[in-house]
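1. structural data only, the sequence is not supplied:
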C-alpha cells in the first residue's frame with residue numbers, strides 16, 4: 001500500500017525519530033504488513049476506530065477512547081522467551097491511556113518524534129505456532145487533525161525484529 005498523501009499540520013516520524021528507532025536495532029516493513037521472521041505481528045482495532053481495515057479513522061476529542069490489540073505468534077520453529085515490543089505512535093496526538101494483557105509490563109517511551117510510544121515486555125515461554133498473550137492498548141485521540149501510523153516492532157531471544165504498521169487518521173471535521 002502506498003503511503004497516504006499528507007496535508008499541512010500532519011505529524012510524521014522524521015529522520016531524527018527514525019534514527020532513534022534504528023538505534024533500538026529495529027527494521028522497517030511496508031505499510032500494513034509484518035515481516036517474515038521469528039514471529040507474525042497483527043494489529044487489530046477493538047473500539048473507537050472506523051473505516052477500512054488498512055486505514056483507520058477516529059474522531060479527535062469526541063470519542064472517549066480507542067483500543068487496538070497486538071497479537072504476536074511464534075513461527076520460528078522452536079520455543080521463544082523474552083519478548084520485547086515497541087509501539088511507536090505520536091503520543092502528543094494519540095496518547096496511551098492504558099494497556100492490558102496477561103503478563104505484560106509496559107512503560108512510556110519518549111525519545112523524540114518517531115521514537116515515542118510504549119515499550120512492553122512479556123516473559124512467557126512460547127512454543128512454535130503458539131501466540132503470546134494478547135496486548136490491548138487504550139488511547140485517547142486529541143482534537144488535532146492527524147494522519148500517521150501505529151508501528152509495532154517485536155524482538156525476542158536474539159532474533160531480528162519484526163514489524164507491523166497500521167495507518168490512521170484523527171478527524172476533527174464537524
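-> The structure has been received and is ready for your questions. Fair warning: this is a prediction, and the values are worked out from it, not measured in the lab.
2. what sits against residue 84?
-> Residue 84 sits next to 119-121, 154-156 when contact means CB atoms under 8 Å, 6 or more residues apart in numbering. C-beta here means a position set from N, CA and C on the backbone, and glycine is covered the same way.
3. among these, who's most crowded?
-> Using other CB atoms under 10 Å as the neighbour criterion, residue 154 leads the contacts of residue 84 with 27 neighbours.
4. just list whatever residues bridge to that residue.
-> With DSSP bridges as the criterion, residue 154 is bridged to residue 85, residue 162.
5. mind telling me what element residue 138 is part of?
-> strand 135-141 (DSSP states H and E).
6. pLDDT on that strand, on average?
-> Averaging pLDDT along strand 135-141 gives 97.
7. show me the contact partners of it.
-> So strand 135-141 is contacted by 46, 48, 58-61, 63-70, 72, 85, 87, 89, 93-101, 104, 106, 118, 120, 122, 170 (CB under 8 Å, 6+ apart).
8. so how far is stretch 106-117 from its chain's centroid?
-> 11 Å (CA atoms, centre = their mean, to the nearest Å).
9. any idea of the mean pLDDT in that stretch?
-> On average, stretch 106-117 scores 89.
10. and that stretch, how far apart are its ends?
-> Using CA to CA, to the nearest Å, the end-to-end distance of stretch 106-117 comes to 10 Å.
11. which parts of it are buried?
-> By 16 or more other CB atoms under 10 Å, the buried positions in stretch 106-117 come out as 106, 109, 113-117.
12. restricted to strands, list those.
-> 106, 109, 116-117 (DSSP state E).
13. let me have those residues in TSV, extended by distance to residue 126.
-> Formatted as TSV, these follow (distance: CB to CB, whole Å):
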residue	distance to residue 126
106	18
109	24
116	28
117	23
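14. and the furthest pair within those residues?
-> 106 and 116 (13.7 Å; CB to CB).
15. surely residue 107 touches residue 99?
-> No: using CB atoms under 8 Å, residue 107 is not in contact with residue 99; the gap is 9.8 Å.
16. residues shared between the contacts of those two?
-> Between them, residue 107 and residue 99 share the contacting residues 118, 120, judged by CB under 8 Å, 6+ apart.
17. what about residue 163, distance to residue 153?
-> 5 Å (CB to CB, to the nearest Å).
18. show me where the chain has strands.
-> Counting by DSSP E, the strands of the chain are 39-47, 55-59, 66-74, 83-88, 94-100, 105-110, 116-122, 135-141, 146-156, 162-171.
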